[in-house]
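Novice: Model the structure of this input:
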Amino acid sequence: MSGGAAGNTSRRGNEAAMRADRRIEAARGYLTLDMPEHALKELGEIPESSRHRVDGLRLRGDAFRALSQDEKAIAAYTRTLAERPDCLPALMGAAVCYRRLGQLGRAVAAVEDANRLHPNEPAVLFALARFYVLIGETPRAMGWLGRAVRICPDVAGWAETDDDFTPLKASPHFQLLMDAARARQRV
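Specialist: Modelled structure (predicted):
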């Protein structure tokens with residue numbers, strides 16, 4: 001008899017895990033479709049004790065960020081990072097929210113943490129360059145942009161079309177960097 005009860009408990013646990021899996025995937029889908037309210041509804045149905053706790057927290061942060069509820073997003077990202085300090089989407093999401101709140105120093109700190117944990121990620125290096133432009137540290141911005149372009153020449157195109165880099169675009173150093181990246185792309 002006790003084997004049957006244990007089997008039922010195990011089966012219920014597996015079913016609950018499968019439901020949580022489906023809700024996480026549904027939330028991701030809703031976020032892709034720019035439907036953050038629906039994503040939050042799905043995430044609200046996942047128990048806090050779920051094995052998906054960290055993913056759910058990070059996705060909540062993404063949903064709140066999409067809704068421009070930056071304080072709530074930062075809280076969700078902070079909880080995510082408390083459990084998974086190397087979570088790149090949470091670090092970068094928090095940086096975006098800090099920027100929108102006008103807290104550029106905290107945004108830079110979040111991206112610096114991301115760089116410490118993911119040192120060769122072109123998107124992180126590009127973000128560092130962008131934030132250093134925004135806080136007026138042009139030489140540092142050019143250094144990070146140069147490193148990003150050396151790792152991934154496509155980053156040059158990102159910088160050329162990004163309004164945050166407008167203060168650098170007239171610089172001969174910026175133009176040399178863009179020319180070098182275009183040359184590398186042709187090879």
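Novice: D179 sits in which helix or strand?
Specialist: helix 172-186 (DSSP states H and E).
Novice: Buried residues of that helix, list them for me.
Specialist: The neighbour-count check on helix 172-186 (16 or more other CB atoms under 10 Å) flags F174, L177, M178, A181 as buried. All C-beta atoms are positioned from the backbone trio N, CA, C, and that covers glycine.
Novice: dump the residue contacts of the third one.
Specialist: M178 sits next to A156, A159, E160 when contact means CB atoms under 8 Å, 6 or more residues apart in numbering.
Novice: Against N120, how distant is the closest residue to the second one other than its chain neighbours?
Specialist: Once its chain neighbours are removed from consideration, A159 has its nearest residue in F165; the separation is 4.8 Å (CB to CB, 6 or more residues apart in numbering). Spatial separation of F165 from N120 under the definition CB to CB, to the nearest Å is 21 Å.
Novice: and if you look at L91?
Specialist: 15 Å.
Novice: neighbour count winner among those two?
Specialist: With neighbours defined as other CB atoms under 10 Å, L91 and N120 compare such that L91 has more, 25 against 11.
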